[in-house]
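Chemist: coordinates only, sequence not included:
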């Protein structure tokens, strides 16, 4: 990513990432569909080709959603002892919904942080 010469006031990466907005202007949309990125911001023209969140969002989702779901499964099992089909019926869809929602949020946050801190691929020499 080359140096950004456009002058925009700084935006909060967490708020911008959760809303799925452009990390530079905070107005244009970042996502095209559920998790795909648009090629550029419709508002300020920022090229999103620099954005590569990699597996980072998936790691956060696995750890956070997994902790929440397993905690709820254990609580339900210890307190009420329902059959396994009840767990599948409740926690299967809940896991999918929470995972997709938080994956979009974390992907937006990590891309906004990447832009804000001018993160690039690691290089041994320039």
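Modeler: Here it is on my side, so go on. All figures in this text were calculated on a predicted structure; none of them were measured in a lab.
Chemist: Residues touching the helix or strand residue 59 falls within, excluding its own?
Modeler: If you go by DSSP states H and E, residue 59 is part of helix 56-80. Applying C-beta atoms under 8 Å, 6 or more residues apart in numbering, the set of residues contacting helix 56-80 from outside is 82, 86-87, 90-91, 94-95, 98-99, 102-103, 106-107, 110. The C-beta positions use only the backbone N, C-alpha and C, and glycine is treated the same way.
Chemist: what is the mean pLDDT for it?
Modeler: Average pLDDT, helix 56-80: 95.
Chemist: Pull out the buried positions in the helix or strand following it.
Modeler: Using DSSP H and E, the helix or strand that follows helix 56-80 towards the C-terminus is helix 84-116. Applying a neighbour-count criterion of 16 or more other C-beta atoms under 10 Å, one finds 91, 95, 98-99, 102-115 buried in helix 84-116.
Chemist: now stretch 26-39, how far from the centre of its chain.
Modeler: 12 Å (C-alpha atoms, centre = their mean, to the nearest Å).
Chemist: Ends of that stretch, what's the gap?
Modeler: 16 Å (C-alpha to C-alpha, to the nearest Å).
Chemist: how deep is residue 47 tucked in, by neighbour count?
Modeler: 11 (other C-beta atoms under 10 Å).
Chemist: Which residues are in contact with the residue nearest to it when sequence neighbours are not counted?
Modeler: Excluding the flanking residues, the one nearest residue 47 by C-beta to C-beta, 6 or more residues apart in numbering is residue 40, at 5.0 Å. Shown in contact with residue 40 (C-beta under 8 Å, 6+ apart): 46, 47, 48.
Chemist: residue ranges with poor pLDDT in the protein?
Modeler: Filtered on pLDDT under 70, the chain yields the residue ranges 1-6, 122-126.
Chemist: switch to 50 and redo it
Modeler: 1 (pLDDT under 50).
Chemist: Residue 118 is in what secondary structure piece?
Modeler: Going by DSSP H and E, residue 118 is not part of any helix or strand.
Chemist: Can you give me the distance of it to residue 50?
Modeler: 9 Å (C-beta to C-beta, to the nearest Å).
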